[in-house]
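In: Here is the input, now give the coordinates:
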Amino acid sequence: LGLDTDNSTLKISDLNDGTTWPASQVAQRTAGGDKWQAIVVAHRDIWLFGQQTSEVWYNAGTSPFPFAPIPGAFLEEGIVAPFSAQRFGNTVVWLGRSEEGAGVVYMANGYVPQRISTHAVEFAIQGYARAGTTITDAVAFTYQEDGHVFYVLNFPSAKATWVYDGTTNLWHERGTWNADKVEYKAWRPQYHAYAFNKHLVGDRELGTIYEMGIDKFTDAGGGPIRRLRRTPHVSVEDDWLFYHSLQVILETGVGLASPPVVGGEDPQLMLRWSNNGGHTWGNEHWVSAGKRGEYGTRALWRRLGRGYNRVFEVVVSAPVPWRVVGAYMDVARGSAVSRSTGGGNGSVSGTVLAALFSVDCGRGEQLCEKVGAHVPDGPDGVDWGHGAEYRNTGPRRLSHELRRENHDRSHDEFQLDGDAGLDGWRG
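Out: All right, here's what the predicted structure looks like:
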């Protein structure tokens, strides 16, 4: 099959001969006025994406041209980046555009486009275009590893890469760390093939082919893989909070006996925070994740000062497997504050034990959950930050406790999920 995007025609070559294209084996688009831009074959269907509309064809067995549109399989969503359309498991995913706008990622549900990008992801993608950076050069590829199916969407001009995990339905960012400029750029792998029981990826800058895997702890060329995680805004009604401690729950004691890269023998975690919503950041505070065999090590920071709207950031880059389960923070509301909340009859004070994030994606060191989302009516007036969802989950691993002045509440167990505009692990 061949697609002529200039003339919006679908062509068929001779059988097993890609050099001969008979003039009788050509179909012209008639269902839409916008030209076809991309083609994907999935489940023996031919997906033809236009600039604002799309359609699906099948083998109707007609002569001389055997393919024809499927009745009713006409989509009012086109494609903004022709190379963003990819077969994804049993369906198709692409970066869409329509008469209403562009920059939404869709997955086909049958022959109906279903939005899978979140508001945070769309804000980022459409923000590139608003800033004058093209998104039409976006390139995608898909792969499956350890039961997780990933849709990797590279924006070379915008220096960004967004990844959708079809197993968990969560998004995260990836990037190649530029130590000289102290910034992430678009992840360099841009093309993928599974061969010889390996995930092989093509470097978009050098044209080199590399092997990709979760058992690789340094980047191509021996550089570090820098992973970054930010919490939701830790705030309670914009009152002063005293941050007593923060502990990251992870597998410790996995340092290397004879590290091939500096930092592997005693892997470290770096913590810093912002008191102004992430605009500026304070000093770095480092703790150990344990040398080899030090399984009782705790990644714990104490006496973290006070603030009323703080964002914490954790960074790791040592060449070891990072398996993070979650994080807890011990926070006390200012003793001088006594305010009635909308959900109760008395004032809220004392200790708030907040589960900041929960991650266990089965990806080893590559984590893929983003948490946080604003809950206007959070439990007992507590705002768990921008973008988080709250739900009771019974006796599970994350806990939240509020003590009132007049009586004690029983413990509620909860888990944070969501589609927030927060930075996930990037590597």
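
In: got any ranges where the stretch 251-400 of the chain has weak pLDDT?
Out: Across the stretch 251-400 of the chain, the ranges flagged by pLDDT under 70 are 259-262, 335-400.

In: residue ranges of the strands in it, please?
Out: Ranges of strands within the stretch 251-400 of the chain are 268-274, 285-288, 299-302, 306-307, 311-316, 324-333, 351-358, 388-392, 399-400, based on DSSP state E, counting those that start in this stretch.

In: Can you pull up the most central residue in this protein?
Out: Central residue of the chain (Cα atoms, centre = their mean): His172, 1.3 Å from the mean position.

In: Could you measure from that residue over to Thr118?
Out: Distance from His172 to Thr118, counting by Cβ to Cβ, to the nearest Å: 11 Å. Where you see a C-beta, it was placed from the backbone N, CA and C, and this is true even at glycine.

In: can you check Asp219 too?
Out: Distance of Asp219 to Thr118, given as Cβ to Cβ: 28 Å.

In: more crowded one of the two?
Out: Taking other Cβ atoms under 10 Å, Asp219 and Thr118 do not tie; Thr118 has more neighbours (21 against 17).

In: Quick check: pLDDT value at that one.
Out: Thr118 carries a pLDDT score of 96 in this model.

In: my read: it touches Leu170, true?
Out: No: if you go by Cβ atoms under 8 Å, Thr118 and Leu170 don't touch, sitting 9.1 Å apart.

In: Would you pull up how far stretch 224-231 lies from the middle of the chain?
Out: Relative to its chain's centre, stretch 224-231 lies at 13 Å (Cα atoms, centre = their mean, to the nearest Å).

In: Oops, could you answer that again for stretch 227-238 instead?
Out: 17 Å.

In: same question for that stretch, mean pLDDT?
Out: Averaging pLDDT along stretch 227-238 gives 88.

In: Check stretch 88-97 too.
Out: 94.

In: just the CA coordinates of the helix or strand harbouring Gly96, formatted as PDB?
Out: Assigned by DSSP states H and E, Gly96 belongs to strand 91-97. This file holds the C-alpha atoms of strand 91-97, laid out as PDB (Å, rounded to 0.1, in the frame of the first residue of the first chain):
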ATOM      1  CA  THR A  91      -6.300  -0.300  18.200                       C
ATOM      2  CA  VAL A  92      -4.800   2.900  16.800                       C
ATOM      3  CA  VAL A  93      -3.500   6.000  18.600                       C
ATOM      4  CA  TRP A  94      -2.700   9.400  17.100                       C
ATOM      5  CA  LEU A  95      -2.300  13.100  17.900                       C
ATOM      6  CA  GLY A  96      -5.500  14.700  16.600                       C
ATOM      7  CA  ARG A  97      -6.800  17.800  15.000                       C
END
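
In: which helices and strands sit right next to that strand?
Out: strand 36-42, strand 78-79, strand 86-88, strand 102-109, strand 139-145 (3 or more Cβ pairs under 8 Å, 6 or more residues apart in numbering; DSSP states H and E).

In: and of those, who's closest to His233?
Out: strand 102-109 (25.3 Å; Cβ to Cβ).

In: Relative to the closest one, what are the paired strands and their orientations?
Out: According to DSSP bridges, strand 102-109 forms sheet pairs with strand 91-97 (antiparallel), strand 112-115 (antiparallel).
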